[in-house]
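S.K.: quick one: sequence and predicted model below, then my questions.
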Amino acid sequence: MLRVCVVGAGALSSRRIYPYLGAAGAQLVGVCDIDLDKAERNTRLFGGRTYGDARRMLDDLAPDACFICIGPEAHAELAPEAMRRGIPVYTEKPPAPDLDSALEVARVSRETGVLCSIAFKKRYATAYRRARQWVEDFPPEQILSIGVDYASAAYANESPRTSFLLDFGIHIIDLVQYLMGEAEEVFAFSRDGHAFAVSLRFASGALGSMNLNDGRSFTLPTEEVEVTAAGGNWISVHNSSCWRVARDGMACEWREPPTFTSAGDSGNDTGHFAEIVEFLSAVREGRSTVSDIFQSCRTMALYEAIVQSVADHAPVRPRYPAL
């Protein structure tokens, strides 16, 4: 059983990481948070020793892997320190507040040969794994388009950590490239950072559109994704869990899990449990994941292209790094 530490004991990690560790095959040996009350609460609930200093925890315990869940700036600062100690890292999304910072994390991962995996959960969700399989059934030239409607409750937009596009929209930005490949050109509009209309042209020739906003609800999420291929073929995914497939203009597949709610599931429909299982398996097997820091840098490149297009009022070609 892998010995793991977690940096961060906030609400999201306490709900979506700590409870899954044991079932995923890990032993929690350390919990760190600058708020010691939170760290002590999680050690009581889940095990391990309490720390207020992440570097001391890593040095004292020398874990097999480390989970870092403390915001994009801190992800970019602490992940390289863990990797330089030879410790594989899982960070919450996004990997950094900007592409250049993410590239520095990637550089350290490349130089050390140590895995850094980013929690882009939708790559691991059952429905989107099915959607990826469906897309791969067609030659790229037959994939016509992807359409997305994705919304949350209001964000403050006062910092990277409270930015709707970087904290919430980044999930769907990553998913679109996971399904469709790299975008060649982006044209985006925004209303005060709370709503975005994004048009995309992919390297394959396919087109895309994203309607993203924070004017709705966390309790009743909006997540609709549809990919269309020529000849009456499409797949629709609702709320990251339900899907419908049409072949040659006829319905051929339907999946609607009866117990799924937006508040939680087995962790496979949302992807939260599945991504932890995959990360720990990759650590054991000495391999990478489908959401490693190198893939995540490409996601950050598309995110920055959207931001730049909004600022420039013009189409932008994403600045994809050579990795």
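M.R.: Received, thanks.

S.K.: so where's the chain shaky on pLDDT?
M.R.: For the chain, the stretches with pLDDT under 70 are 258-265.

S.K.: just the helices in it please.
M.R.: With helices called from DSSP state H, the chain shows them at 11-16, 18-21, 36-46, 54-61, 72-84, 99-112, 126-136, 170-180, 272-285, 293-312.

S.K.: pick the most buried one from these.
M.R.: Ranked by mean neighbour count under mean count of other C-beta atoms under 10 Å, the helices of the chain are led by helix 170-180, which reaches a mean of 24. (Each C-beta comes from the backbone N, C-alpha and C, glycine too.)

S.K.: quick one, that one and helix 126-136 angle?
M.R.: 30 degrees (axes from the mean of the first three to the mean of the last three C-alpha atoms, to 10 degrees).

S.K.: name the helices or strands packed onto helix 170-180?
M.R.: Secondary-structure packing of helix 170-180 (3 or more C-beta pairs under 8 Å, 6 or more residues apart in numbering; DSSP states H and E): helix 126-136, strand 143-151, strand 195-202, strand 207-213, strand 222-229, helix 293-312.

S.K.: output the ones you listed as a markdown table; include the columns distance to residue 44.
M.R.: Below are the helices and strands packed on helix 170-180 laid out as a markdown table (distance: least, C-beta to C-beta, whole Å):
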| stretch | distance to residue 44 |
| --- | --- |
| helix 126-136 | 33 |
| strand 143-151 | 36 |
| strand 195-202 | 42 |
| strand 207-213 | 39 |
| strand 222-229 | 35 |
| helix 293-312 | 33 |
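
S.K.: nearest to residue 175, of the ones you listed?
M.R.: Closest to residue 175 of these is helix 126-136 (C-beta to C-beta; 6.3 Å).

S.K.: other residues contacting that closest one?
M.R.: Applying C-beta atoms under 8 Å, 6 or more residues apart in numbering, the contact partners of helix 126-136 are 122-123, 143, 175, 178-180, 225, 227, 229, 235, 237, 240-243, 245, 255, 268-269, 271, 274.

S.K.: closest one to residue 29 among the helices of the chain?
M.R.: Closest to residue 29 of these, according to C-beta to C-beta: helix 54-61, at 5.4 Å.

S.K.: was I right about residue 4 contacting residue 66?
M.R.: Yes - with contact defined as C-beta atoms under 8 Å, residue 4 and residue 66 form a contacting pair (6.8 Å).

S.K.: neighbours around the spatially closest residue to residue 230 that is not a sequence neighbour, how many?
M.R.: Closest residue to residue 230 apart from its sequence neighbours, by C-beta to C-beta, 6 or more residues apart in numbering: residue 142 at 4.7 Å. Neighbourhood size, residue 142 [other C-beta atoms under 10 Å]: 15.

S.K.: ok, now which ones touch residue 142?
M.R.: Residue 142 makes contacts with 229-231, 233, as judged by C-beta under 8 Å, 6+ apart.

S.K.: quick one: it and residue 178, what's the gap?
M.R.: From residue 142 over to residue 178 the distance is 19 Å, taken as C-beta to C-beta, to the nearest Å.

S.K.: same check, this time on residue 279
M.R.: Note on residue 279: its distance to residue 178, by C-beta to C-beta, is 16 Å.

S.K.: contacts only, for the nearest residue to residue 169 once chain neighbours are set aside.
M.R.: What sits nearest to residue 169 in space, not counting adjacent residues and going by C-beta to C-beta, 6+ apart, is residue 212, at 4.7 Å. Applying C-beta under 8 Å, 6+ apart, we find residue 212 in contact with 148, 150-151, 164-165, 169, 172, 195-196, 198.
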